[in-house]
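Engineer: everything below, folded, please.
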Amino acid sequence: MALSKANIALLFTTRIVRMFAYGFLSVILALYLTSLGLSEAETGLLFTFTLVGDAGISLWITTSADQVGRRRMLVLSALLMVLASGVFLLTRNLPIMILAAIIGVISPSGNEIGPFLSIEQAALSQLLPSERRTQVFAWYNLVGSFATATGALCSGWLAQGLQSTGYSALESYRFVLAGYASGGLVLAGLFLGLSGVVEARPADSPLPSPRTLGLHRSWRVVLRLSALFSLDAFAGGLVVQSMVAYWFHVRFGVPTGLLGSIFFGANLLAGISALLASRLARRFGLINTMVFTHIPSNLLLCLVPLMPTLTLAITVLLMRFSISQMDVPTRQSYTMAVVAPDERSAASGVTSIARSVGGALSPALSGLLMTNPILLSAPFLLSGGLKIVYDLLLYRSFKSLKPPEESKSGL
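Structural biologist: Have a look, this model is predicted:
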């Protein structure tokens, strides 16, 4: 039991370090790339290749982790963070940067990316009783959101502080990118500290039934979930945090320090909303919580670009973030609940990859839209509308498929 607690604490620590690094990078990444001379369209294209590469790398790592070793694959993933950021620091050649983005792990959104989440979720589900899963996932997302918020705050003010002391904007952004690479090295060291209890149990893996990508009896459910999650991720990819920061910078001339503060507050509120989700889920069920908190969040997203002043735009954005993440721990917990225990790593990996593929297609579209001043705000409206479509389809498809704990309680 003590060993399980120690590994849970370590997995929470790696979540904090990783999400701090993602938030640290996301505020300045689009600004850094445009400072290198890339256009908005090229920046969006690079983000798309980043997410496409994430899907491929994650598919290989998550479907191999239970056989090769979860700890080994987590260490490899952390080193891929160092690889991608190192190349971004050393060159401004777009094809080379695209190659590094495909192979490496780099987050343009401030959100989770790469194979980390799928492997960590499988390990946590193995270490936890089912009745505590949603609550622990909520805390797991809460600490991640707080870490992302802190990273965004530190990044924005670090860049602005360096610029005020005489560094150019590009040089200040390089310091942030170097910090992201350092975060990858710290992660690799932490993952080495995990013990064998996080590895897949022999009884969970070998089954005589045929498998596709590690799935057997639940593959139809996972396929349907993956298709819907891909739509949601496509919509979300239109408004990745780096592009939203860029929009605020272009629309209202917001400096990097204030951008960091905006996303610090936004991610704090997002984290709190994730924690509240576990209470709502216990009362109303996982699917109901996912859908009926997500729809108003997406309506608020559509309203952000319609606000005439910076103060109103920030206010609506923060209102949106205050309820935006309630679907995240509930979605993760629902996926773990409706598949067999020995399918959890694969199910989490496949659904996460579906999200990566969906999200990979949209930043390039967002970048193209933002090159036209008339369409600068279009990504917000398109994203919110598509997310509402996702919510309605999810409710229609899965309202009758209850997790075991809800079937027992009569929810």
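Engineer: so what's the residue lying closest to residue 331 once chain neighbours are set aside up against?
Structural biologist: Leaving aside its sequence neighbours, residue 331 sits nearest to residue 290 (Cβ to Cβ, 6 or more residues apart in numbering; 5.8 Å). The way it works is simple: take the backbone N, C-alpha and C, and place the C-beta from them, glycine included. Residue 290 sits next to 326, 327, 330, 331, 334, 391, 394 when contact means Cβ atoms under 8 Å, 6 or more residues apart in numbering.
Engineer: packing partners of the helix or strand where residue 121 lies?
Structural biologist: Residue 121 belongs to helix 116-127 when assigned by DSSP states H and E. Helices and strands touching helix 116-127, by 3 or more Cβ pairs under 8 Å, 6 or more residues apart in numbering; DSSP states H and E, are helix 2-35, helix 40-68, helix 70-90, helix 133-164, helix 327-337, helix 344-370.
Engineer: which stretch of helix or strand covers the residue nearest to residue 331?
Structural biologist: Using DSSP H and E, residue 290 sits within helix 286-303.
Engineer: tell me the helix or strand right after that helix.
Structural biologist: helix 310-324.
Engineer: just the buried residues of that following helix, please?
Structural biologist: Within helix 310-324, the residues that qualify as buried are 313, 314, 316, 317, 318, 319, 320, 321, 322, 323, 324, counting by 16 or more other Cβ atoms under 10 Å.
Engineer: which residues does the second one contact?
Structural biologist: Listed by Cβ under 8 Å, 6+ apart, the contact partners of residue 314 are residue 262.
Engineer: swap in the third one?
Structural biologist: For residue 316, the residues meeting the contact criterion (Cβ under 8 Å, 6+ apart) are 300, 303, 304, 307.
Engineer: next, format the residues you listed as JSON lines and append distance to residue 150 and pLDDT.
Structural biologist: JSON lines is the format used below for the contacts of residue 316 (distance: Cβ to Cβ, whole Å; pLDDT from 0 to 100):
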{"residue": "300", "distance to residue 150": "24", "pLDDT": "96"}
{"residue": "303", "distance to residue 150": "27", "pLDDT": "96"}
{"residue": "304", "distance to residue 150": "23", "pLDDT": "95"}
{"residue": "307", "distance to residue 150": "26", "pLDDT": "96"}
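Engineer: which of those sits closest to residue 110?
Structural biologist: residue 304 (16.3 Å; Cβ to Cβ).
Engineer: ok, that closest one to residue 251 distance?
Structural biologist: Separation of residue 304 from residue 251 (Cβ to Cβ, to the nearest Å) stands at 10 Å.
Engineer: list residues touching both of the two?
Structural biologist: Residues touching both residue 304 and residue 251 (Cβ under 8 Å, 6+ apart) are residue 313.
Engineer: the two - which one has more neighbours?
Structural biologist: Set residue 304 next to residue 251 and count neighbours by other Cβ atoms under 10 Å: residue 304 wins out with 24 against 15.
Engineer: any low-confidence regions in the protein?
Structural biologist: Confidence mapping of the chain against pLDDT under 70 gives the ranges 1-3, 109, 201-214, 407-411.
Engineer: could you rerun that using 50?
Structural biologist: 203-208 (pLDDT under 50).
Engineer: isn't residue 383 right up against residue 301?
Structural biologist: Yes. Using Cβ atoms under 8 Å as the test, residue 383 is close enough to residue 301 to be in contact (6.2 Å).
Engineer: got the buried residues for the host helix or strand of residue 389?
Structural biologist: Assigned by DSSP H and E, residue 389 belongs to helix 378-398. Residues 378-384, 386-388, 390-391, 393-395, 398 are the ones in helix 378-398 that count as buried (16+ other Cβ under 10 Å).
Engineer: can you check stretch 395-409 too?
Structural biologist: Buried, per 16+ other Cβ under 10 Å, within stretch 395-409: 395, 398, 402, 403, 405, 406.
Engineer: okay then, goodbye and thanks.
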